[in-house]
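[1] Sequence below, structure please.
(one chain, ligands or ions: 4)
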Amino acid sequence: MISPSRPDSPSSSSNWLRVLSRLVICSTLILALSVALKTRSRLSLLLPSFSSQHPAVMSYQQERYIAELAVQRACLLTQKVFFEKAKGTVSKDDKSPVTIGDFGAQALIIQAIRKNFPNDEIVGEEEASSLRADKDLSAEIWRLVKDIKLEDAESDKVLGGPLPSEESMLDIIDQGNSAGGPKGRIWALDPIDGTKGFLRGGQYAVCLGLIVDGDVKVGAIGTPNLPVDDNATINASTGAQQEGSSANGVLFSAVEGEGATSRPLSNGTLAPSKSISMRPVGNIAEAVFCEGVEAAHSAQGDNAAVAERLGITAPSVRLDSQAKYCSIARGAGDIYLRLPVKKDYQEKIWDHAAGDILVREAGGQVTDIYGNRLDFSKGRTLAANTGVVASPNALQDQVIAAVKAVLKL
Ligand SMILES: Nc1ncnc2c1ncn2[C@@H]1O[C@H](COP(=O)(O)OS(=O)(=O)O)[C@@H](OP(=O)(O)O)[C@H]1O
Ligand SMILES: [Mg+2]
Ligand SMILES: [Mg+2]
Ligand SMILES: [Mg+2]
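    Numbers count the residues shown, from 1 in each chain. Ligands and ions are numbered 1, 2, ... in the order given. Here you go, the predicted model:
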């Protein structure tokens, strides 16, 4: 018969020892797990393609970081090109400044994506065939691109450091040739959006969005000529100040489910960010609406008729580029109208991907003129959509009703 052991018996003390050792093992495991969770984002920084190869890790922090840093570095190039070549006075028949900026920024950003997410596809606006035929232009772009680096050597290294040669720069530009589509990880890149704004020293944007299985998950937009101050008055002539001025230059970003942020553009590591959101609008008649500058790109008469129908009396704020999405996302404006001039124009995914997630994460909706979400799964264009309408969640139904009434849909 087995007699119950007394507290001071040898078998009791060995039981206690066993319990104690189990306790130690358990707490060590808990500690190890919490350290592993805390360092997960750091781990993905050390192993750049970690997230892309492990679909279970879906926080997109690494993608956001690389997108922000790559856009920030590309803005160094576009600024250099502007102050060296364009200076807002360029005649429109000399297209070279914008061409240099477009190709150069596309090369720098694709290099950063390739280095960190080698298996991803890229839909870039530009392709290098014309550049291969123009040796002088290619040499000029290479002269400017080869010296672009972030002041912080570590950050620059994360993006792949300097490009190795002019030939490799051309090859890299051509890697933006994905057809897009409904499956996989696809980056949509507009190296300079608002090319006309860039040339006149007004608004332009360097835009990068990550689309996963047809949905935009991450967006980063650099706007070198937007004021850092969210409340500064802006209009079509707000723009480039002196080279190196710290009053202008903002980097926006968003990740699905994690909100939208902005920070000043910097030359090195990322500056501290703050979260941004759309402005609550009590009375829609007091909303401010943004539209493009080019009459050929959106129907300004129809935009004005929608505003009038909503009781809006303030004049529109006209800005080039995805700076319009950025402005409403930070509450410097409320509604973005891009009503079509021609119903058959297909918007390009790189003109909207980053702005779409930025506004949605800042508390807004982005739809076409029928009120349907933008569909990024159709290839290089938004073939299933017509026009763009964006506003705070609470206003979108009213705005779409006004759009339908004006366009007789
Ligand atoms: N017909 C037509 N309709 C609509 N959109 C068009 C059209 N033609 C061109 N584009 C694209 O417009 C992009 C620039 O948009 P913006 O918002 O800067 O233009 S505007 O200021 O609103 O007029 C511009 O992008 P970038 O080429 O990157 O500047 C074009 O892709
Ligand atoms: Mg564009
Ligand atoms: Mg462009
Ligand atoms: Mg273009």
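[2] low-confidence ranges in the stretch 101-250 of the chain?
    By pLDDT under 70, the stretch 101-250 of the chain has no low-scoring segment.
[3] What count of nearby residues applies to the residue of it found nearest ligand 2?
    Going by CB to the ion, ligand 2 is nearest to residue 193 of the stretch 101-250 of the chain, at 3.5 Å. Using the backbone N, CA and C atoms, a C-beta is placed for each residue, glycine as well. Residue 193 has 27 neighbours, counted by other CB atoms under 10 Å.
[4] Is residue 260 within a helix or a strand, and which one?
    strand 259-264 (DSSP states H and E).
[5] Which residue is the nearest non-sequential neighbour of whichever residue of the stretch 301-409 of the chain sits closest to ligand 1?
    The minimum distance from the stretch 301-409 of the chain to ligand 1, using CB to the nearest ligand atom, falls at residue 320 (3.8 Å). Nearest residue to residue 320, sequence neighbours excluded (CB to CB, 6 or more residues apart in numbering): residue 197, at 2.8 Å.
[6] follow-up on the earlier one: could you list which residues are in contact with the residue of the stretch 301-409 of the chain closest to ligand 1?
    Applying CB atoms under 8 Å, 6 or more residues apart in numbering, we find residue 320 in contact with 194, 196, 197, 198, 202, 203, 204, 236, 292, 293, 294.
[7] ok, the residues you listed vs ligand 3, which is closest?
    After measuring the contacts of residue 320 against ligand 3 - CB to the ion - the closest member comes out as residue 194, at 7.4 Å.
[8] the longest strand in this structure is where?
    In the chain, with assignment by DSSP state E, the single longest strand is strand 215-227.
[9] Would you mark the buried spots in that strand?
    Across strand 215-227, burial judged by 16 or more other CB atoms under 10 Å covers 216, 217, 218, 219, 220, 221, 222, 223, 224, 225, 226, 227.
[10] and these as a markdown table, adding distance to ligand 3?
    As requested, the buried residues of strand 215-227 are exported to a markdown table (distance: CB to the ion, whole Å):
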| residue | distance to ligand 3 |
| --- | --- |
| 216 | 18 |
| 217 | 22 |
| 218 | 19 |
| 219 | 16 |
| 220 | 15 |
| 221 | 12 |
| 222 | 13 |
| 223 | 14 |
| 224 | 14 |
| 225 | 15 |
| 226 | 17 |
| 227 | 22 |
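[11] got the contact list for residue 215?
    Residue 215 neighbours (CB under 8 Å, 6+ apart): 256, 376.
[12] which residues does it bridge with?
    For residue 215, the beta-bridge partners are residue 212 (DSSP bridges).
[13] And the residue nearest the centre of the chain, how close does it get to ligand 1?
    The centre of the chain sits closest to residue 220, judged by CA atoms, centre = their mean, with a distance of 2.1 Å. Between residue 220 and ligand 1 the computed distance is 16 Å (CB to the nearest ligand atom, to the nearest Å).
[14] quick one, what contacts the closest residue to ligand 2 within the stretch 301-409 of the chain?
    Among all residues of the stretch 301-409 of the chain, residue 351 sits closest to ligand 2, at 4.2 Å; criterion: CB to the ion. Applying CB under 8 Å, 6+ apart to residue 351 gives the contacts 190, 193, 207, 322.
[15] okay, now the first one: neighbour count?
    The one in question is residue 190. With other CB under 10 Å as criterion, residue 190 counts 32.
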